[in-house]
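Novice: turn this into a model:
(one chain, ligands or ions: 1)
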Amino acid sequence: MTVLTTEQLGVLARAVSRAPSVHNSQPWQLLVRGSEVDLLERREVELRRHDPSGRDRVLSCGAALTNLELAVRALGRDCHVGLRDDGDVVATVTIGRPRATSARAYLLYQAIGRRRSHRHRFFHSRVPATVQHALVVAGETTGVHVVRPARLDKLAELLGFATRVLRDDRGYQRELAVWTAHTRGWDAHGDGIAEGALGSEAFPAAGLVRTTTPVPDDAVLADRLAAENLLIFCTDGDSRPDRLAAGMALQRVWLTAASKALVGSVLTQPLHLTGFRARLVSELALPGVPQAIFRFGYPAVPAAPSPRLPLGELFRPPGGPR
Ligand SMILES: Cc1cc2nc3c(=O)[nH]c(=O)nc-3n(C[C@H](O)[C@H](O)[C@H](O)COP(=O)(O)O)c2cc1C
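Specialist: This is a model prediction of the structure:
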């Protein structure tokens, strides 16, 4: 028995579809089974050079899961989220009894449509400490730690190294070109990253390293990082549920930021380089496995939204191909 109307399913689908995802690949689908909705990982979406183990694909599903939960709550229904590690099913959301939406859940739900990747510079004013703290609290959960990095000199050194390696990796750059070349603009249906969303500043810690990205001197990069606000998401373990929890936390923080007029972007690109994670843990004394870096601040310029696949493609028919 389906407990939601077509319009209500549309609300869930729109919320899921607006989640951030690696290279805007949107690697998820929904399977509606009465009062239960499975979130499925589309494992056929492969980024062999950027994301060889599919880690970012799972983080992306985590972000979509946060949006799905918020949408169910915004519809005035209770909601239970069960993480699963069962083939392509990453989670099952059970829709419960009618329940008034909390003000906080509604604020975050409303921010879903406003959130977008902002890879540009930020406005120069500092984000108040209380607001920074609220972001950290929004992300912290059992097994997930949200850390403000202290050693920006070390971080700059590592990011500079990663930029040089990625810029010269021809196989990597070919794959990136495929994901950035075909996207016509935000108002067209599709996946991939539109050129306009990448920005022209080419700051290596703010977007994706391409062959034209300049590598600033480490000291310049460290100064630039100091002018931003950074959070690193770490997990106790590195299983699929750990990665999913990190993606959920990332999206809670991003939506909390958007609800407070902040903008941001996420960086995982350098983390995939062999040995990078281990160096980051030791140089920055991190409390777990680094899964993503989030930079945020007040916007100095607007950022373009990205396209999305048609909503109809989001639903997997019951008994349909897996
Ligand atoms: C797990 C994950 C990893 C990402 N890694 C990067 C990255 O390294 N660099 C970057 O510029 N954007 C990164 N992004 C942002 C995506 O490119 C972005 O979410 C997608 O293009 C959709 O655009 P939107 O965020 O504006 O909706 C990442 C997003 C996710 C969820």
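Novice: can you give me the helices in the stretch 51-200 of the chain?
Specialist: Along the stretch 51-200 of the chain, the segments classed as helices by DSSP state H, counting those that start in this stretch run 55-74, 103-111, 129-139, 152-167, 170-181, 195-198.
Novice: now do the buried residues in the fourth one.
Specialist: Which is helix 152-167. Neighbour-count burial for helix 152-167, with 16 or more other CB atoms under 10 Å as criterion, is recorded at 152, 154-163, 166-167. Placement of C-beta: from N, CA and C, glycine included.
Novice: tabulate these (a markdown table), appending pLDDT and distance to the ligand.
Specialist: Formatted as a markdown table, these follow (pLDDT from 0 to 100; distance: CB to the nearest ligand atom, whole Å):
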| residue | pLDDT | distance to the ligand |
| --- | --- | --- |
| 152 | 95 | 18 |
| 154 | 97 | 19 |
| 155 | 96 | 15 |
| 156 | 95 | 17 |
| 157 | 95 | 18 |
| 158 | 96 | 14 |
| 159 | 94 | 11 |
| 160 | 93 | 16 |
| 161 | 94 | 16 |
| 162 | 94 | 10 |
| 163 | 92 | 12 |
| 166 | 94 | 10 |
| 167 | 93 | 14 |
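Novice: any chance of the helices of the stretch 51-200 of the chain in CSV with distance to residue 29 as columns?
Specialist: Shown next, in CSV, are the helices of the stretch 51-200 of the chain (distance: least, CB to CB, whole Å):
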stretch, distance to residue 29
helix 55-74, 10
helix 103-111, 21
helix 129-139, 26
helix 152-167, 30
helix 170-181, 19
helix 195-198, 24
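Novice: let me see the contact set for residue 145.
Specialist: Going by CB atoms under 8 Å, 6 or more residues apart in numbering, residue 145 touches 233-236, 287-288.
Novice: repeat that for residue 26.
Specialist: Residues in contact with residue 26 (CB under 8 Å, 6+ apart) are 17, 19, 45, 60, 191, 308-309.
Novice: out of the residues you listed, which are inside helices?
Specialist: Judged by DSSP state H, those include 17, 60 as members of helices.
Novice: among the contacts of residue 26, name the buried ones.
Specialist: Among the contacts of residue 26, those classed as buried by 16+ other CB under 10 Å are 17, 19, 45, 60, 191, 308.
Novice: out of those residues, which touch the ligand?
Specialist: When contact is defined as CB under 6 Å from any ligand atom, these meet the ligand at residue 60.
Novice: which of the buried ones among the contacts of residue 26 lies closest to the ligand?
Specialist: The closest of those to the ligand turns out to be residue 60 (CB to the nearest ligand atom; 4.3 Å).
Novice: quick check: that closest one vs residue 191, distance?
Specialist: 11 Å (CB to CB, to the nearest Å).
Novice: any of the contacts of residue 145 buried? List them.
Specialist: In the contacts of residue 145, burial by neighbour count holds for 233-235, 288, counting by 16+ other CB under 10 Å.
Novice: mind putting those residues in CSV, distance to the ligand included?
Specialist: Shown next, in CSV, are those (distance: CB to the nearest ligand atom, whole Å):
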residue, distance to the ligand
233, 10
234, 14
235, 13
288, 17
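Novice: reformat those as a markdown table; add pLDDT and secondary structure.
Specialist: Below are the buried ones among the contacts of residue 145 laid out as a markdown table (pLDDT from 0 to 100; DSSP: H, G, I helix; E, B strand; the rest coil):
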| residue | pLDDT | secondary structure |
| --- | --- | --- |
| 233 | 98 | strand |
| 234 | 98 | strand |
| 235 | 98 | strand |
| 288 | 98 | coil |
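Novice: residue of this structure nearest the ligand, please.
Specialist: Nearest residue of the chain to the ligand, counting by CB to the nearest ligand atom: residue 20, 2.9 Å away.
Novice: tell me, how many neighbours does the nearest residue to that residue once chain neighbours are set aside end up with?
Specialist: In space, and not counting its chain neighbours, residue 20 is closest to residue 63: 5.4 Å by CB to CB, 6 or more residues apart in numbering. Using other CB atoms under 10 Å, residue 63 has 29 neighbouring residues.
Novice: residues of stretch 284-293 that come out buried?
Specialist: Buried residues in stretch 284-293 (16+ other CB under 10 Å): 284, 286, 288-293.
Novice: now stretch 36-43
Specialist: Neighbour-count burial for stretch 36-43 flags 37-42 (criterion: 16+ other CB under 10 Å).
Novice: dump that stretch to PDB, restricted to CA.
Specialist: Presented in PDB, the C-alpha positions along stretch 36-43 are these (Å, rounded to 0.1, in the frame of the first residue of the first chain):
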ATOM      1  CA  GLU A  36       9.000   2.300   3.200                       C
ATOM      2  CA  VAL A  37      11.300   4.100   0.800                       C
ATOM      3  CA  ASP A  38      14.700   2.500  -0.100                       C
ATOM      4  CA  LEU A  39      17.500   4.700  -1.100                       C
ATOM      5  CA  LEU A  40      19.600   2.800  -3.700                       C
ATOM      6  CA  GLU A  41      23.200   3.400  -4.700                       C
ATOM      7  CA  ARG A  42      23.500   3.400  -8.500                       C
ATOM      8  CA  ARG A  43      26.800   1.600  -8.600                       C
END
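Novice: nothing else from me, thank you.
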